[in-house]
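Asker: next comes the sequence, and after it the predicted model I'd like to discuss.
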Amino acid sequence: MITIPITPDHLHGVTDFETTPRGIRPHRLPEWVRDTYPDPQLLMVEAQPSGVRVVVTTAAREITLVTHPSRVTYLGADRPRGHVDLVVDGEPLASDTLDGGDVTQINLQTGAAQFLPGEAHASTFALPEGDKRVELWLPHNETVELVELRADAPVDTVAPDGRVWLHHGSSISHGSNASTPTEIWPAIAARRGGVDLRNLGFGGSALVDPFVARVIRDSEADLISVKLGINVVNLDGMRLRTFVPAVHGFLDTIREGHPTTPIVLVSPIFCGIHEDTPGPGGFDPASFGTGQIRFIATGDPDDRNSGKLTLRVIREALASLVERRAADPNLYYLDGTALFGEADAEVHPLPDALHPDTASHRLIGERFADYAFAATGPFAA
């Protein structure tokens, strides 16, 4: 077997990397953001490589990716492990469940955290004959250090090609509750649309942050989508008076670097707990120890009269905002309930009352692609 040190040239869908004693750690936000805004939640989720993949061409019949995973678990709640997915010439072929790695275990009732060190993990895949493009999609829900690549034939790096779709959103865009990294909805949509995904979905952190708008402004992108609302509601982070100007400013900043790039502004998908009840959201204490943590909304529906936000209010505000920016012919509004609505929630209930399951991720990804990449859609080739 040939051992290949992993370099940034092997990575697609990544913004930055960090050299560690074990190898390199991919990052989805640049160092200046991590240094300037060291919010623990943001730092955790931006280091989870949702949408990032190791890409090579090779004639090898076997390939191994060695990683050292790190994850956060909650006492009494069984969280699924991350996966490395194999994609060959654009087709998902196999998935490997991570084992080992470091664990930070949190007691939700006391807030206490315990660190448990673990070993590295090797994901080994058999490959078909002949020259091919091999993509190893990194776990969307665990941080990994990339230790090395092993193959039984030489591998070559691949320069990114095709149109770059840059997407920003919440934990739903990050991939929460999807089983594997190629089953998160942005990955499904990107594969269906034939574009090169860069995913800036950050769990709990789609908060109309100016620094994220600057990152998008300064990044290569042929197509842009921004999905906002759920985190602002479940953090109870803004009122209607501050939310709408903040979104205007977010879009203005993106437009400084992408004056004519198509931008789709997506409102929240259906989420019953927050449709008419403001945040903050929280963990449902009744779900502790059941193996399935659930979320609840703790606000008062009557507080909408004082400007508190709900998902229904957010959708109306974003639709109105895009109408008022009609002078921008490349700005589009998509109602999130067209991707996943109330009727869909009856067929595919949100397992934790907040995030869609794997089947719903597929539904959302396919519907987004059919809208955006259609011949008359905003991302039409």
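Answerer: Nice, thanks for sending it over. Numbers count the residues shown, from 1 in each chain.
Asker: where does Pro92 fall, secondary structure wise?
Answerer: strand 91-97 (DSSP states H and E).
Asker: buried residues in that strand, which are they?
Answerer: The neighbour-count check on strand 91-97 (16 or more other Cβ atoms under 10 Å) flags Pro92, Ser95, Asp96 as buried. Yep, even glycine has a C-beta here, placed from its N, CA and C like the rest.
Asker: against Gln48, how distant is the second one?
Answerer: Taking Cβ to Cβ, to the nearest Å as the measure, Ser95 and Gln48 are separated by 17 Å.
Asker: cool, and Phe340?
Answerer: Counting by Cβ to Cβ, the gap from Phe340 to Gln48 is 22 Å.
Asker: same for the lowest-mean-pLDDT helix or strand in the chain, what does it pack against?
Answerer: When the helices and strands of the chain are scored by mean pLDDT, DSSP states H and E, strand 281-283 comes last with a mean of 88. Under the contact criterion of 3 or more Cβ pairs under 8 Å, 6 or more residues apart in numbering; DSSP states H and E, strand 281-283 touches strand 295-297.
Asker: for the next helix or strand after the strand it packs on, packing partners?
Answerer: As assigned by DSSP H and E, the chain's next helix or strand after strand 295-297 is helix 311-324. For helix 311-324, the packing partners by 3+ Cβ pairs under 8 Å, 6+ apart come out as helix 230-234, helix 240-257, strand 263-266, strand 331-334.
Asker: please name the residues that touch Pro49.
Answerer: With contact set as Cβ atoms under 8 Å, 6 or more residues apart in numbering, Pro49 has these partners: Gly13, Val14, Pro26, Arg28, Leu138, Pro139, His140, Thr143, Val144.
Asker: the residues you listed in helices, which ones?
Answerer: Here DSSP state H is the test, and these give no hits in helices at all.
Asker: with neighbour numbers in mind, choose between Phe340 and Gln48.
Answerer: Shown here are Phe340 and Gln48; by other Cβ atoms under 10 Å, Gln48 has more neighbours (27 against 23).
Asker: for the more buried one, helix, strand, or coil?
Answerer: coil (DSSP: H, G, I helix; E, B strand; the rest coil).
Asker: not counting sequence-adjacent ones, nearest residue to it?
Answerer: Nearest non-adjacent residue to Gln48, counting by Cβ to Cβ, 6 or more residues apart in numbering: Thr143, 5.6 Å away.
Asker: could you do Leu108 as well?
Answerer: Going by Cβ to Cβ, 6+ apart, Leu108 has Tyr74 as its nearest residue, at 5.4 Å.
Asker: tell me how far that neighbour lies from Glu18.
Answerer: Applying Cβ to Cβ to Tyr74 and Glu18 gives a distance of 26 Å.
Asker: same question, Asp9
Answerer: 16 Å.
Asker: the closest residue to Asp96 other than its chain neighbours sits in which helix or strand?
Answerer: Closest residue in space to Asp96, ignoring its immediate chain neighbours: Ser123 at 4.0 Å, by Cβ to Cβ, 6+ apart. Using DSSP H and E, Ser123 sits in strand 121-126.
Asker: can you give me the buried ones in that strand?
Answerer: His121, Ala122, Ser123, Phe125.
Asker: how close does the closest residue in space to Phe17 that isn't next to it in sequence sit to Leu223?
Answerer: Excluding the flanking residues, the one nearest Phe17 by Cβ to Cβ, 6+ apart is Ile24, at 4.7 Å. Distance from Ile24 to Leu223, counting by Cβ to Cβ: 28 Å.
Asker: show me which of these two is the more surrounded one.
Answerer: Neighbour count, other Cβ under 10 Å: between Ile24 and Leu223, Leu223 has more, with 23 against 20.
Asker: residues contacting the more buried one?
Answerer: Arg163, Val164, Trp165, Leu166, Val195, Thr261, Pro262, Ala372, Pro378, Phe379.
Asker: tell me where the stretch 151-300 of the chain has helices.
Answerer: 171-174, 185-193, 210-217, 230-234, 240-257 (DSSP state H, counting those that start in this stretch).
Asker: for Glu220, grab the count of nearby residues.
Answerer: As a burial measure, Glu220 scores 11 neighbours (other Cβ under 10 Å).
Asker: contacts only, for it.
Answerer: Val164, Leu166.
Asker: check Ala112 and give its pLDDT.
Answerer: Looking at Ala112, its pLDDT reads 89.
Asker: that one contacts Ile106, correct?
Answerer: Yes. Counting by Cβ atoms under 8 Å, Ile106 is a contact partner of Ala112 at 7.4 Å.
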